[in-house]
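Student: what would the 3D arrangement of this be:
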Amino acid sequence: MKTDNDHAARQEAVQARFGYAVAARLSEAEDWLSPELERRLAQARGAALARHRQARQRSVTTWLSRGGAGVLGSGPGDGSAWRARLGLALALPTLLFGLYMLQHFQQERFVHRIADIDTALLLDDLPPQAYTDPGFRNYLREGSA
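Tutor: Numbers count the residues shown, from 1 in each chain. Next up is the predicted model:
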């Protein structure tokens, strides 16, 4: 099902492509343009930018008058409001699950490191003076590598 938003997006893409093509042609031909033609092109560019600014200002004013309804959707009546709500409802549990899994993974890594150190302490044939040596942790790291 085609919506007005799809049509508007396609129309904007076509306009953008046309603008880029015109700009490329003008860039190629800028060496032989007369000063009068350059002045007229500068005026046309200024007018186009002014129209663009006005259209952009109108869209911002429309967005603000809706109370920010355009943040997650295109506005009322486009049928995507339930999708936006569903996305928001799923975002928080997904974030919480991700944070829980990250914490669980970090805790598992920490436990495994401590277990490796304990195993090295219990199974290694070291003299008792080695356990009081400040470089003992480095010795364990080098020995397990």
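Student: now the helices: where do they sit in this protein?
Tutor: Residue ranges of the helices in the chain, as given by DSSP state H, are 4-28, 35-65, 81-123, 128-131, 136-144.
Student: any chance of CSV for those, columns mean neighbour count?
Tutor: Quick note: C-beta positions are derived from backbone N, CA and C, even for glycine. CSV is the format used below for the helices of the chain (neighbours: other C-beta atoms under 10 Å):
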stretch, mean neighbour count
helix 4-28, 10
helix 35-65, 11
helix 81-123, 11
helix 128-131, 9
helix 136-144, 12
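Student: would you list those in TSV and tack on mean pLDDT?
Tutor: Supplementary listing: those in TSV, determined by pLDDT from 0 to 100:
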stretch	mean pLDDT
helix 4-28	82
helix 35-65	80
helix 81-123	89
helix 128-131	72
helix 136-144	72
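Student: from Ala23, how far out is Gln43?
Tutor: 16 Å (C-beta to C-beta, to the nearest Å).
Student: actually Phe105, not the one I typed
Tutor: In this structure, Phe105 lies at 51 Å from Ala23, with C-beta to C-beta as the measure.
Student: ditto for Asp118
Tutor: As defined by C-beta to C-beta, Asp118 lies at a distance of 69 Å from Ala23.
Student: now Asp6
Tutor: If you go by C-beta to C-beta, the gap between Asp6 and Ala23 works out to 26 Å.
Student: do the same with Gln103
Tutor: 52 Å.
Student: same question, Ala89
Tutor: 44 Å.
Student: cool, and Asn138?
Tutor: The spacing between Asn138 and Ala23, counted by C-beta to C-beta, is 63 Å.
Student: ditto for Gly98
Tutor: Separation of Gly98 from Ala23 (C-beta to C-beta) stands at 44 Å.
Student: with Arg113 instead?
Tutor: 59 Å.
Student: do the same with Ser59
Tutor: 23 Å.
Student: likewise Gln15?
Tutor: Distance of Gln15 to Ala23, given as C-beta to C-beta: 12 Å.
Student: swap in His104?
Tutor: 54 Å.
Student: and Tyr131, by the same measure?
Tutor: From Tyr131 over to Ala23 (counting by C-beta to C-beta), the distance is 74 Å.
Student: thank you kindly, that will do.
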